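Engineer: I'll drop the sequence and a predicted model, then ask my questions.
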2 protein chains.
Amino acid sequence: MVSSRDVAKHAGVSQSTVSRVLNDPSKVNDQIVKKVQEAIKALNYRPNSVARSLVSNRTRTIALISGPLHNPFFVETTTSIVNYAESKGYRTMVFFENTGENKPIYEEVLSERVDGILLSSIFRDDPIFDDLQNLDIPVIMYNRRHNKGGNFVEIDNMQSGRLAASHLLGLGHQHICVVGGPDHTSTFYGRKQGFLEEYKTLTGTEVPPSFIKDTNTTEGAVHESIVEVMSCTPPPSAIFAATDAIAIYVMDKLQQMGFHVPEDVSVCGMDNVTLAKHQSFQLTSIGHKGPKNLGLISAEYLIEMMENPSEQQVQITLEPVLYDRKTTKS
Amino acid sequence: MVSSRDVAKHAGVSQSTVSRVLNDPSKVNDQIVKKVQEAIKALNYRPNSVARSLVSNRTRTIALISGPLHNPFFVETTTSIVNYAESKGYRTMVFFENTGENKPIYEEVLSERVDGILLSSIFRDDPIFDDLQNLDIPVIMYNRRHNKGGNFVEIDNMQSGRLAASHLLGLGHQHICVVGGPDHTSTFYGRKQGFLEEYKTLTGTEVPPSFIKDTNTTEGAVHESIVEVMSCTPPPSAIFAATDAIAIYVMDKLQQMGFHVPEDVSVCGMDNVTLAKHQSFQLTSIGHKGPKNLGLISAEYLIEMMENPSEQQVQITLEPVLYDRKTTKS
DNA sequence: CCTTTCTGTGAATACGTATTCAAAGGGAAC
DNA sequence: GTTCCCTTTGAATACGTATTCACAGAAAGG
């Protein structure tokens, strides 16, 4: 591998001069700049970014720990984050959350020298939180958040749950089921709690336990809970799926069981994923107003924090809106 | 930032000993190992991977330049690649192909010190090919390939096109349209050529030019070409979409225009994406037999090449199979 | 002509680790 | 007791770059 010393020798100058030509050519005589640049071309020299990082103590790399891509929400956020980072001159190291244990991934990220971390994989009381806070680089959680706070970009999940409840109750549904995920995840917890709370406020009654389904968000588990809930008497006439990804599984299973959406069962999702607006789905969903997804917003803040270090926090909770499409009716 | 020297001082040993404890504790007296490990914990020391990379000349990082995630094919390959690399102790730097100019991304990857490169973004006569070959690290192209060869993992695209033609003609269709992408991409070129060739062999006639649609694979362009082709007299009764992603756009637009699939129009996709098997689609598609997607296969070979460097080439062309589902009929 | 300032350059060093080399000490074999 | 070898350790060095420091020479000002 050709080094800046080789270039220096070839151009008849010192290594320092080569370095200067690369970083601030104005400090070097024009003639010499030319000579060095010719040597660089002749030898096909590329600066070793590892050595650069060692001395500058910056890698221009961010780590992204994303939820799985079979959830279209993370397809959008990952795309936005990687492309935005690239446009700002940063590379993105991508990891995908494991269903089970994320310890190895966190270990990997912590030992890695990155300039910032974005993650959606945090749990409400995740013990990794303190380790992340103790790093001297910016860390932002998006979509999900931790009980203790930190930096996060989220949507108001409680309020979203309330919106779903009032929408479906407003359509006249009496029997509504909520299909969500594990309570240790802030999104699922908030959306469910908001839903249950508003349901009680508006109806004066509780949602029966058999209509509250916490899945592990896999297709199989969602299908199973739909089979269970649709065999109740009476079955629900409306379902609030805590994510669009779940909503799609739900609709799939309903169709497969011979039910029609929304004629037999209304379905309301959440996240307002691009796929949801799609012709084939036209899914009623809950999302925030802006054009930027949560991943992109958090990436913008992260890079801002990386470039202008200061003690400021990023704690953003966006207002939810209901996008009323074709999968819910009275 | 705490360094191995700090740990050494804290433990009353030399920096070399700390390094040895980290890399091969058997070389160090048990008592001292213990002391050093305690110091590591006490100071919360983490080895600086940048410095490690500088001396070892390995980053344990691979670069992935993937097609866009709105194509579900790349969702699957990206997931497989990242997770497989992680399981083997490698991190993945992810980039997404630009529709226009990929030069900046290649520059970035080339200047980066990675141990291997996977890319699907290559064009048949892409000038970047030579630069990539001249690197002294393994490079594998998956899905697409370059005219000049190199290392690649692909499906036999010509044969796939022939399969599609014989399948649709075998069902009795007389008017068949092919919707593909730019000819400078090996997949689109091969699939189209194979299709046209087999069509001519079996019917003795050429596919009319108005039934050959090269799009830029965006939803808008695909929709536009469907509008055009369905307004021909007679319109096609079958469509071969060169990727499942295109097939989904095609079916969407057909539905929207009031056509039924497969009653009015048969649609055959290609890539055999998981989404295609899905309840809502049940898309007839062409893919290869094995359970591993092209990205995963290429990742396995890449890491093999990285760990056992030798001059061997990887040139794999998989046999295509037709998966006959519900979107094609006579 | 002398001093001061400024510009351009090279030598030396730092970054944090792995590794080589030398040396010290202990044990075994004779 | 001497020789040899093995184990264990620390000192020194290398990796490739950015940067500091010192110095030389030129320009400027008197």
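Structural biologist: It's in. Residues are numbered from 1 along each chain as shown, chains lettered A, B, ... in the order given.
Engineer: Burial check on the closest residue to DNA strand C within the stretch 101-250 of chain A, number of neighbours?
Structural biologist: Relative to DNA strand C, the nearest point of the stretch 101-250 of chain A is A:Arg113 (9.1 Å; C-beta to the nearest atom of the strand). Just so you know, the C-beta spots here come from the backbone N, C-alpha and C atoms, and that holds for glycine as well. When neighbours are counted by other C-beta atoms under 10 Å in any protein chain shown, A:Arg113 registers 22.
Engineer: so who does it touch?
Structural biologist: Going by C-beta atoms under 8 Å, 6 or more residues apart in numbering or on different chains, A:Arg113 touches A:53, A:59, A:61, B:48-50.
Engineer: of the residues you listed, closest to DNA strand C?
Structural biologist: Ranked by distance to DNA strand C (C-beta to the nearest atom of the strand), those are led by B:Asn48 at 3.4 Å.
Engineer: Look up how far DNA strand D lies from the closest one.
Structural biologist: Going from B:Asn48 to DNA strand D by C-beta to the nearest atom of the strand, to the nearest Å gives 11 Å.
Engineer: Could I get the full set of helices for the stretch 151-300 of chain A?
Structural biologist: Taking DSSP state H, counting those that start in this stretch as the test, the helices found in the stretch 151-300 of chain A are A:157-170, A:186-203, A:219-230, A:244-256, A:274-277, A:294-307.
Engineer: Would you tell me which of these gets closest to A:Val139?
Structural biologist: The closest of these to A:Val139 is helix A:294-307. By C-beta to C-beta, the value is 8.2 Å.
Engineer: so what's A:Val153 bridging to?
Structural biologist: A:Tyr142, A:Ile316 (DSSP bridges).
Engineer: still on that earlier bit, mind checking the helices of the stretch 151-300 of chain A for the one nearest to A:His70?
Structural biologist: helix A:244-256 (7.3 Å).
Engineer: gap between that closest one and the chain center?
Structural biologist: How far helix A:244-256 lies from its chain's middle: 22 Å, per C-alpha atoms, centre = their mean, to the nearest Å.
Engineer: and what of stretch A:91-98?
Structural biologist: 11 Å.
Engineer: in that stretch, what counts as buried?
Structural biologist: Neighbour counts over stretch A:91-98 (16 or more other C-beta atoms under 10 Å in any protein chain shown) mark A:91-97 as buried.
Engineer: So for stretch A:172-190, mean pLDDT?
Structural biologist: Mean pLDDT, stretch A:172-190: 96.
Engineer: Could you do stretch A:151-162 as well?
Structural biologist: pLDDT averaged over stretch A:151-162 gives 97.
Engineer: Just the residues contacting that stretch, thanks.
Structural biologist: Contacts for stretch A:151-162 (C-beta under 8 Å, 6+ apart): A:138-146, A:186-187, A:189-198, A:240, A:270, A:286-288, A:294, A:297-298, A:301, A:305, A:313-320.
Engineer: got the end-to-end distance for stretch A:55-63?
Structural biologist: End-to-end span of stretch A:55-63 (C-alpha to C-alpha, to the nearest Å): 20 Å.
Engineer: Got phi/psi on A:Val207?
Structural biologist: Main-chain torsions, A:Val207, degrees, to the nearest 10: phi -70, psi 130.
Engineer: dump the residue contacts of it.
Structural biologist: Shown in contact with A:Val207 (C-beta under 8 Å, 6+ apart): A:176, A:178, A:195-196, A:199-200.
Engineer: What does the pLDDT read for it?
Structural biologist: Value listed for A:Val207 in the pLDDT field: 95.
Engineer: Nearest to DNA strand D: which residue in the stretch 201-330 of chain A?
Structural biologist: For the stretch 201-330 of chain A, C-beta to the nearest atom of the strand, closest residue to DNA strand D: A:Glu307, 15.5 Å.
Engineer: how deep is that residue tucked in, by neighbour count?
Structural biologist: 12.
Engineer: Could you do A:His260 as well?
Structural biologist: By other C-beta under 10 Å, the residues close to A:His260 number 10.
Engineer: show me the contacts for it.
Structural biologist: Contacts here follow C-beta under 8 Å, 6+ apart; on that basis A:His260 touches A:Leu254.
Engineer: Next one: A:Val261 from A:Lys35, what distance?
Structural biologist: Separation of A:Val261 from A:Lys35 (C-beta to C-beta, to the nearest Å) stands at 72 Å.
Engineer: who has more neighbours, those two?
Structural biologist: Remark: of A:Val261 and A:Lys35, A:Val261 carries more neighbours, 23 against 18, as counted by other C-beta under 10 Å.
Engineer: Hmm, that one is touching A:Lys253, no?
Structural biologist: No - when contacts are counted by C-beta atoms under 8 Å, A:Val261 is not listed as touching A:Lys253 (10.6 Å).
Engineer: nearest to DNA strand C, of the buried residues of stretch A:91-98?
Structural biologist: Nearest to DNA strand C among the buried residues of stretch A:91-98, with distances taken as C-beta to the nearest atom of the strand, is A:Met93, at 19.0 Å.
Engineer: So the host helix or strand of that closest one, near chain B or not?
Structural biologist: For A:Met93, the host element (DSSP states H and E) is strand A:91-96. Yes - Strand A:91-96 is in contact with chain B by C-beta under 8 Å from any C-beta of the partner chain, via A:91-96.
Engineer: Pull out the buried residues from stretch A:284-294.
Structural biologist: Within stretch A:284-294, the residues that count as buried by 16+ other C-beta under 10 Å are A:284-288, A:293-294.
Engineer: which of the contacts of A:Arg113 sit farthest apart?
Structural biologist: Top of the distance list for the contacts of A:Arg113 (C-beta to C-beta): A:Thr61 and B:Asn48, 13.8 Å.
Engineer: Neighbour count for these two, which is higher?
Structural biologist: Between A:Thr61 and B:Asn48, counting by other C-beta under 10 Å, A:Thr61 is the more crowded of the two (22 against 19).
Engineer: got the contact list for that one?
Structural biologist: Listed by C-beta under 8 Å, 6+ apart, the contact set of A:Thr61 reads A:90-93, A:112-115, B:93.
Engineer: Would you list the phi and psi of it?
Structural biologist: Here is the backbone geometry of A:Thr61 (degrees, to the nearest 10): phi -130, psi 140.
Engineer: quick one: it from DNA strand D, how far?
Structural biologist: Counting by C-beta to the nearest atom of the strand, the gap from A:Thr61 to DNA strand D is 16 Å.
Engineer: neighbours of the closest residue to A:Asn98 other than its chain neighbours, just the number please.
Structural biologist: Nearest residue to A:Asn98 in three dimensions, chain neighbours excluded: A:Ile105, at 6.9 Å (C-beta to C-beta, 6 or more residues apart in numbering or on different chains). Residue neighbour count, defined by other C-beta under 10 Å, stands at 20 for A:Ile105.
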